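What would the 3D arrangement of this be:
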Amino acid sequence: MYHISEVVEAGKKATAAKLEDPKKDTIYMFCYTSGTTGNPKAAMLTHGNFLSVGTCINYSGSNFSESDTLISYLPAAHSMEQCLSVGAIIYGMRVGFWGGKQLELMEDLAVLKPSIFPSVPRIFNRIHDKIKATVA
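Alright, predicted model coming up:
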């Protein structure tokens, strides 16, 4: 364990960052689990994990391309959002970010017109109910 003053001193002495290109087993992020199947923990996800998810997207029949637009509204630290971001980079998709207000998500969707909108049933039910109410 280091004392903060030791860390600050080491930082003052450092002249340049020594960065290496990531390898497939280099840690990309820690994903903190809720502990549904045990104690909460940090799962270590590697660059290889995300590259394989990103490159396998089109094997699912999704066929993402440069003409697609993804709406980004999940928390940036969420592993699904990270997978979507990697996929967007690999396939050259446009990414639009929602305004941050849940009650205005429909307006954000109308402006962005995303072709990719990964979500959960609760959000899709809310959209469905709004469409039904508008049609009625």
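
would you list every one of the helices in this structure?
With helices called from DSSP state H, the chain shows them at 4-13, 47-56, 79-91, 105-112, 121-135.

Any idea which of those helices gets closest to T36?
Closest approach to T36 among those is made by helix 79-91 (14.3 Å; Cβ to Cβ). Just so you know, the C-beta spots here come from the backbone N, C-alpha and C atoms, and that holds for glycine as well.

Run through who's touching the closest one.
28-29, 31, 45, 50-51, 53-55, 57-58, 64-66, 68, 70, 72, 74-76, 93-95, 116, 118 (Cβ atoms under 8 Å, 6 or more residues apart in numbering).

Just to be sure, which of the residues you listed are found in strands?
Among those, the members found in strands (DSSP state E) are 28-29, 31, 45, 70, 72, 94-95.

ok so, going back, please list only the buried members of the contacts of helix 79-91.
28-29, 31, 45, 50, 53-54, 57, 64, 68, 70, 72, 74, 93, 95, 116 (16 or more other Cβ atoms under 10 Å).

List the contacts of F30.
F30 touches 42-45, counting by Cβ under 8 Å, 6+ apart.

quick revisit: now render the helices of the chain as a markdown table, adding mean pLDDT.
Putting those into a markdown table (pLDDT from 0 to 100) gives the following:
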| stretch | mean pLDDT |
| --- | --- |
| helix 4-13 | 87 |
| helix 47-56 | 85 |
| helix 79-91 | 86 |
| helix 105-112 | 90 |
| helix 121-135 | 89 |
